[in-house]
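In: 3D model of this:
(3 chains)
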Amino acid sequence: MTTLATQDVDPAASGGGAVGLHPVRRRHRRRLTGTLTPWLFLAPALLIFLLFKYIPMAEGIRLSLFNVRPFLGDLWVGLDNYIAVLTDERFQSALGRTLILAFGQTVGSMVLGFALALLLEGSARSLWFVRSAVFLPVVAATAVVGEIWRLLYFPADEGFLNSVLAWFGIGAQPFLDSPDTALWSVMGVGIWKGAPYDMVIILAGLAGIDRQLYESSAIDGATTLQRLRHVTLPALRPVITILLTLAAIRGLRVFTEVYVLTGGGPAGSTDVWMTRVFSLGFERNELGVASAGSVILFLVTLLLTLLVQYYRRRKEAV
Amino acid sequence: MSTGVAQRCDTALGWGSGRVGMVGRAAMCVAALLVFCGPLITVFSGAFDHSPDPTKLSLLPNNPSTINFEVAGERGIWGYLVNSLVIAGGGLLLQVSVSVFAAYALARKKFRAQALVMVAVLTTMMLPEEVIAIPLSLTIGQLGLKGTLLGVILPLGAWGFSIFVMTEFMKEIPVELEEAAKVDGASELRIFAQIVVPLCRPALGVVAVFGFTMIWDQYLLPLIVATEPADYTLTVALASLRSDDQVGPGVVLAGALLALVPSLLVYLSLQKSFLRGITSGAVKG
Amino acid sequence: MSGLRRSAAVLAAASLLAAGCGTGAPQGDPNAPLEVWTRSLDDTAKVYEKIFADFTAKTGIKIDYKPVYNDFDKRMQERAASKDLPDLVITDVSALGVYQSQGMATEIDRAGFAGGADLVERAWGNAKGSDGKYYGVPISTQAQATFIRKDWREKLGKPVPTTWAELVDLAKAFTTGDPDGNGQSDTYGMLVPGSTDRGYLAWWASSYIWQAGGDILAQDGGKYRVAVDSPGTVAAVEWLRGMFCDTVAGGRPVVQPGALTTITNDAHTFFEQGKAGIYLTGPYMMGRFDKAPGKDKYEVIASPKGPNGSAVLGEGENMYLMAGSARPADQKKLAEFLVSPDAQKAGMQGVPRPVVRLPVNSKVDVNAVYNDPRWSTVAKVYADSARPFPNVPNFQPFRQQTAETLNALFARCGIDIRGELGKLAANLNKELKAQGIAK
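Out: Below is the predicted model:
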């Protein structure tokens, strides 16, 4: 069946079936299809991106220069929206919290993911089962995760997590309800959802480590801790570096987790860059300022990503 | 495997088979399961509880009942589930195909502007979705896709992350196979379909699991594409159940359960190829 | 490079082609049915459906009805951005400022509005813009009422509260007296939807602020000044903070835990499940609370008197005749129909809750239609002491910032109330100036 189908497409796709053409023209045509082929393969992706990403983004950039009022006519304000964002006290403090959250979630997920990977490394079937089960938070929809944790975090004695803490003799915590603990609680959920992902990637890294290195270090009489430090960690360094940087960049755009858990409250203590932009755009109808806020975030992430890519490429080249 | 030394060198921590070590490890595995799966189980118990107490979630329903699903059903939850499934199915199929095509060009071809295309793909991953929502809705309107499932599916059809993963994976496939096929006179499409794609199966598992999760998570897109409540998806319906002042937390949890189960099923059915894909280095970033 | 240029050309052509194929029915088609949006869930949507069917039967004008509930504002904004608004929108009074200032709702000629003379003057006030002109027509009004667990109160032998002091006393008793008799201290006095989401907390607190003689903004001629740092407001906030911060027996305050992140809908569950016993909310919740905790278990009363009376938030819903419609005459016809006595009565019939809470038409008798003393109480509260938020061009930023400051003050019991309210006042002043209505 497949042979038939491919025979059908064969000549057209490769250009090679054009028997009888003049040799020069034939060569020319092959070169042309040669340059065109990658673009044909890329076309669907690029078309979708153009329509649904680039054009809207360009429109967003345009809006960021206006006071947006669809029925009264937009007013050109130049860079005023950007100035408004950059000088706004609440944006500045949101930036601080965004960085804390991005950093905490990234490092926390990494540490916990590393511990999980060490615990669950191995080929036994039971370990396979635990690994699969532990990964589930990663695939659960964020809206569902938010729903679950808002309930688990219930801030009275009888709340689920507080009852668990009570077994260990720890008093009731307010979690999402107090400005002092809300950001940490949000971070906890981020780590819970992020750690299993890191675990899986680190497990892949662990699988790639040459066993002979372990054996020789065992012969040298190294303790497990020493081996971990001198053999395992160095071997994992590339994986960890990439995971860290990418997660940190993704962390800057953190939105959904915060939005479903606290909406930025209480007392603005979990208000991050994107929740700020969102409430400006949709709750206060200041589409221009909101667009400026997101353009800034976009530029920062773009810059960071390009830096990381550049750094990676230079290291690969060495 | 038979000697203690060889076994101790099997894992980074050198887990042995001593009884103390085994018990300790098993205890920690149980703890990990409780921490990472326990919270998900509370959704099951809450959804099947007649009137779950928001202050005291439990692992088993106190007063088992399916009333929550009946109420959710009255609010059209099954229709939303169907919408979500159609979008996830169609979107995933499109997304994976588009990624495989694009990755083939990026990984197996050399052409001008390749680096530029890579950056362009990267850029799409950095756009804050929440704010391009309004301009995006204008585009979707101009294309006449408002109120159609296609209006949700098409924008999800290309995802930078999965193009990236596929590209990295395809780069690892040895060129020799392809060259041999070329010598035999195989066409471009044939090489692509019969040699490269089958070798990518583990990476397809990775891309499918993450792609499904990403599509299933969409909230703003289906919301702005919808022209009437019948167009809603499960995530949108979940938000409206949450703000529905006539229903309690049990119904919301019933909705959450319906939103949770498909992602679990998809993951569990693909997990073999998924984990293999990741172990063979599909995800480098 | 030629390859790139050619592909770019192909892509551009393809996108143009695709853009050209757009088919969305644009606003302005005089043959399309009137598109009507209401902020409704399924139950109230059914009531509207019936009323609109009556309208179509009577006039032959077809209606394309779309109930929208969550993210109503977001979706409206999105339609505004595409300059394709529905023809008529029924939603909160609080949308007036934005619709007016953004030019989304058209002006109503009150004199030329058939049946307009029958509408209650206080209701018309809900539709008056900051410039004194009308940008909507009221369809329903209501006043906030205080819901109290009657069985708990009687069990503890407390009177129906009529003053702030009695209210606090009752709240304390509910928190410490184990009114549900389960032997655990897991009940709370005051139920507060204290989330800053959409400015909920300010919504709830405004009634108490007025009752103490304070205000968020005070009208001064045609202009406004900030009153959020006035002595009355300070007193109200101090009193409210006591409920969040002063602990009664067992180290708990009288307010339910998690109050500062509780949105209204989560709050309802607390009353429903017997976690909290005093709740200032809208009368439309009776439908749900009649099922649980049960009709005989709670009572609906006017707000207990504060130092400066018992004013409560009285809002409602307006109809907005949206800009850009091809059929202004039909828009108006529908609006006139919806305030007619028959349509108003039909709107009061919904189960479990009506779409018209209190009728705006003075020819409709609340007592006769509902035959429920609790609704009569609400009607009396509305007539005696209901107050709307001021008609500034956009009240949302004021409500939002006030909610955020109050949330912070209730969250951190140590910080200085006067100082924080002073800072808030400065910010609100900036906003007043930005909206061009500062005195």
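
In: SS state for C:V228?
Out: Secondary structure, DSSP: H, G, I helix; E, B strand; the rest coil: C:V228 is coil.

In: Can you report how many residues neighbour the nearest residue to B:T66 once chain neighbours are set aside?
Out: Leaving aside its chain neighbours, B:T66 sits nearest to B:F48 (6.8 Å; criterion: C-beta to C-beta, 6 or more residues apart in numbering or on different chains). To be clear about C-beta, it is placed using only N, CA and C from the backbone, and glycine gets the same treatment. Residues within reach of B:F48, counting by other C-beta atoms under 10 Å in any protein chain shown, total 21.

In: thought B:F48 was touching B:I67?
Out: No: assessed by C-beta atoms under 8 Å, B:F48 is found out of contact with B:I67, at 9.3 Å.

In: Could you tell me how many residues sit around the residue nearest to C:D71 when sequence neighbours are not counted?
Out: Distance criterion C-beta to C-beta, 6+ apart; nearest residue to C:D71, sequence neighbours excluded, is B:L223 at 5.9 Å. Residues lying near B:L223 (other C-beta under 10 Å) number 23.

In: Distance check, B:L223 against B:K146.
Out: As for B:L223, its distance to B:K146 is 12 Å (criterion: C-beta to C-beta, to the nearest Å).

In: any low-confidence regions in the stretch 1-150 of chain C?
Out: For the stretch 1-150 of chain C, the stretches flagged by pLDDT under 70 are C:1-29.

In: ok, which stretches of it are helices?
Out: Along the stretch 1-150 of chain C, counting by DSSP state H, counting those that start in this stretch, helices occupy C:2-20, C:42-59, C:72-81, C:96-101, C:121-125, C:150-155.

In: Just name the most buried of those helices.
Out: Counting by mean count of other C-beta atoms under 10 Å in any protein chain shown, helix C:96-101 has the highest mean neighbour count of the helices of the stretch 1-150 of chain C, with a mean of 24.

In: Quick one: list the elements packing against that one.
Out: Contact analysis of helix C:96-101 by 3 or more C-beta pairs under 8 Å, 6 or more residues apart in numbering or on different chains; DSSP states H and E lists strand C:312-321 as its packing neighbours.

In: Counting neighbours, which bits of the host helix or strand of C:L167 end up buried?
Out: Remark: C:L167 resides in helix C:164-176, with elements defined by DSSP states H and E. Applying a neighbour-count criterion of 16 or more other C-beta atoms under 10 Å in any protein chain shown, one finds C:W164, C:L167, C:V168, C:L170, C:A171, C:K172, C:A173, C:F174, C:T175, C:T176 buried in helix C:164-176.

In: cool, stretch C:328-335 as well?
Out: Neighbour counts over stretch C:328-335 (16+ other C-beta under 10 Å) mark C:D330, C:Q331, C:K332, C:K333, C:L334, C:A335 as buried.

In: which two from those residues end up farthest apart in space?
Out: Using C-beta to C-beta, the pair of the buried residues of stretch C:328-335 lying farthest apart is C:D330 and C:A335, separated by 9.7 Å.

In: Tell me where the chain has strands.
Out: I'll assume chain A. A:66-67, A:75-76 (DSSP state E).

In: think we crossed wires, I meant chain C
Out: C:34-39, C:63-68, C:88-92, C:137-143, C:145-149, C:188-191, C:217-220, C:223-226, C:276-281, C:298-301, C:312-321, C:386-387.

In: And the stretch 151-285 of chain B, by the same measure?
Out: Along the stretch 151-285 of chain B, counting by DSSP state E, counting those that start in this stretch, no stretch forms strands.

In: Contact residues of it facing chain C?
Out: B:223-224, B:227-229, B:236, B:239-240, B:242-246, B:248-249 (C-beta under 8 Å from any C-beta of the partner chain).

In: so of the residues you listed, which ones are in helices?
Out: Using DSSP state H, the members of those that fall within helices are B:L223, B:I224, B:V236, B:A239, B:S240, B:R242, B:P249.
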